[in-house]
Each structure stands twice: as structure tokens, then as C-alpha cells.
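Engineer: here's my sequence, what's the structure:
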Amino acid sequence: MFDLSSIERFEQIATPFYYYDMELLDRTLDTLVELSGKYGVRVHYAVKANVERRILQKISARGLGADCVSGNEVARAIECGFPPEKIVFAGVGKSDREIYGALTAGIEAFNCESLHEIYVINAMASMYGLRARVAVRINPNIDAHTHKYVTTGLFENKFGIASHEFDDLVSLIGRCGSIDFTGLHFHIGSQIAEVSDVFSLEARRVSEIVSYFEDKGLTVNEVDFGGGLGVDYDDPDSGSVAPFETWFRAITENFPPRPGRHIHLEPGRSVVAQCGSLITRVLFVKSGETKNFLILDAGMNDLIRPALYGAYHKIENLSARFRPSFSEMQAYDVVGPVCESSDVWGQGRVLPLSVRGDIMAIRSAGAYGQVMASRYNLKDFAPAVFSDTPWDAPAYVDYFASGHAERV
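Structural biologist: Numbers count the residues shown, from 1 in each chain. Below is the predicted model:
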């Protein structure tokens, strides 16, 4: 992913910053678009994974839809070229203002997560003389075998509607005169590695649930399986494009298409994770009694996943590979500058002998990295640098000029 010319250019830019390999993003999107046509699946990019305008514009230009979880995400998607009729709006806590904005924009559908939400959307649509297209998120009670913080499809969960409410749901939809029921929505979790087994099970369970509702008189024309496809954090170069075909095949083989019914998928992490790296410098090398520490200028304020989830990201010393001593290795605890003990990138990481000023890359950071950043400790936001754009552009000097001032 990184060659000598790119590393030499990295030396000229203040760190930390996010670097996006746009050629890899193009290859990923090529694969998605091809498979979408091959399997007859409609794809909505999960906007929460990364909201950079350049990235959203590239994805929307390829004809994908958008999966949003806030009113501001809906607005950003429209600004970046996603047609409203290809935008779905999920989330357990949509405010009245967000519902109104999506209603007036004419989005494809609200993915509703509670009976009360359906009631409110119907009332608001009636109040303004509009109609709301509504799909209902169902919990299929499937263990996605992933981290407990990103498992979302079990019965006892804040997301979606569980089976004990199914009859009440059918009754409510029948009484709501300002909504058009379109179908069912599912999402069982994120960073799912057991792709074939887990998604095949989801598809079979979804088939049973769809049959239940159709037996009750509801026509289910849109079936959204959500996202969740994992990426290879251990070996990002070998696994640079996620196993999309395995995912698509697991769904369609176990939930066969039929005329008039559409299957939807919502990849996010698997689209953008591998194209992004957090580029940082070694500030200090510290020797303890039993450990050696590399202290970087990037911290949990820039990328919170390791501190929040205990997530693993591969760490590379880009400078050391061009030194004669590259083969000399040392175990380091790699840490950030934030005043929290959890600000740790990795413990006991074996890396080439490292010195102050070395350029480091924290890999697979394109998803849930920059978008979750904060200004904790009053740190500056790390700007975005794109491989296909001149790197001395003003936007890379002044992050707030690139449209992120609202995040102060």
C-alpha cells in the first residue's frame, strides 16, 4: 500500500492525518457494483462508517444507495449526490426534527425500530399531509459471534422489534393511514468473520419471519439484511477487498429472490476500512524496567476503537523499512499522548527498531476512525489526505476549511 514516494511525501505533512487510498476504494466499489448486478441485490452504503465528502461522492457516483442513522447523515448523503429515493433511515432514537426532514426530503424508507416510532411517524406524516414509506426492523435472535458492543440482533436489545410484539405490529400497521409498509429490515451485528455460516443462518431465519408476516396479510416486497461483513485487521494487504461474494451468495442461496421482491444489503466497514490508514510519528522512545514504549502523536482522540473495544489494528513502521537496521526487531508497547491509561495502540508489538520521528501507519482505519474522532485534551482533528489529490491543498492545512467546523 505504501511506497517510497508516498512515505517521502508523508514526511512533509504534519501528523497525525488520515490517508485514503482512493485506488483501493475504486477496486472495492468495482467489486460491489459487479456483484450487485450478478446477484440482483441493492446495496446501501452505511454512512456512519465514514462521512468524508470525497468518499461519499465517489460512492454515490457508482449508483449505490445510503443507509443513514441520523438526520444529519441524511442531509450529508443528499449533499454528496445520493438520491433521496435511495436513502434509508434507521436508528432507535429519531427526533421529531429528523423525522420531519426525512419526510420532506422524500427518502426511500424509514427503518423503524419500535411500535411507538411507527405511531409517531404516522402521526407526523398525517399532520403534514405526507405519506411515509416504512420498513420494520426485526430482531431475528441470532448470535453474530462478534464483540458484545456490536451485537445487535438478539431479542433483548435496544434495536428492533422482538417476536412478542409481532401481532401488535401487524395490528398497528393496519390502523396507520399515512404510512406505506414496504418490508422488513434486519441487522445482527458488525465485524462478522464467520461469513457463510452466520449469514446463511440469518437468511433462513429471515425467510421464516417473512412467511409469518405474509401469512398475516402483509406483503413484504423489500427485505433488508443490514450489514456486518467483517474485514481482515490482521493482514490488511492480503485482505484488502472484503469477501463480498461469499456474503452475497450466503444470503441469496438461503433466501431465493422472487418477482417483485428486492434484497438489500448495507455494507459500511467492508467498503472503507482498508482504504484508510492513520499516519502518525514517533514522539519519544521510552525504556522502562521490563518494557519499551513508543509514544506516538496520534491518540484515542483520533481513533477510539482500541480504547473502546480493545480492537486490534496492525501497526507498521514505514520509515524503518528503508534503514539498514530494518531486520533488527524490538517489542514495544505502542501508546498515544492522551492522558488516559487506555490510550494504547498495542502491547508487546514486535516492530523494527524505532526512533524519534519515524513515520508509523495504523492500518484498516478507514471505518469508524475519523468519523468517531473527538477533541479530547483539546487535540486538533486529524485531517484527511487523499492519494489522488495534491497533498499541499489548503484543506489539508486547515481541517475546518474542509467542512468539519461543526465538530468543534
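Engineer: how much space separates residue 161 from residue 117?
Structural biologist: 10 Å (CB to CB, to the nearest Å). From N, CA and C alone the C-beta is placed, and that goes for glycine too.
Engineer: let me redo that: residue 333
Structural biologist: Separation of residue 333 from residue 117 (CB to CB): 46 Å.
Engineer: and if you look at residue 204?
Structural biologist: Taken as CB to CB, the span from residue 204 to residue 117 is 27 Å.
Engineer: so for the two, which sits in the more crowded spot?
Structural biologist: Neighbours were counted for residue 204 and for residue 117 using other CB atoms under 10 Å; residue 117 has more, 21 against 13.
Engineer: for that one, which three-state class applies?
Structural biologist: When classified by DSSP: H, G, I helix; E, B strand; the rest coil, residue 117 comes out as helix.
Engineer: got the buried residues for the worst-scoring helix or strand of the chain on mean pLDDT?
Structural biologist: Counting by mean pLDDT, DSSP states H and E, the chain has its least confident helix or strand at helix 4-10, which shows a mean of 82. Going by neighbour count (16 or more other CB atoms under 10 Å), the buried part of helix 4-10 is 6, 7, 10.
Engineer: closest to the centroid, which residue in this structure?
Structural biologist: Centroid-nearest residue in the chain: residue 49, 2.6 Å away (criterion: CA atoms, centre = their mean).
Engineer: from residue 42, how far off is the residue lying closest to that residue once chain neighbours are set aside?
Structural biologist: Residue nearest to residue 49 in three dimensions, not counting chain neighbours: residue 268, with 3.4 Å by CB to CB, 6 or more residues apart in numbering. Shown here: residue 268 relative to residue 42, a distance of 15 Å by CB to CB.
Engineer: neighbour count winner among those two?
Structural biologist: Taking other CB under 10 Å, residue 268 and residue 42 do not tie; residue 268 has more neighbours (22 against 17).
Engineer: so what's residue 143 scoring on pLDDT?
Structural biologist: The confidence metric pLDDT takes the value 61 at residue 143.
Engineer: mind listing the strands for the stretch 301-408 of the chain?
Structural biologist: 315-317, 329-335, 344-352, 359-362, 384-386 (DSSP state E, counting those that start in this stretch).
Engineer: quick one: end-to-end length of stretch 365-374, please.
Structural biologist: This stretch, stretch 365-374, spans 15 Å end to end (CA to CA, to the nearest Å).
Engineer: which residues touch that stretch?
Structural biologist: Contacts with stretch 365-374, where a contact means CB atoms under 8 Å, 6 or more residues apart in numbering, come from 18, 20, 48-52, 231, 268-269, 271-278, 301-305, 313, 381-382, 384, 407.
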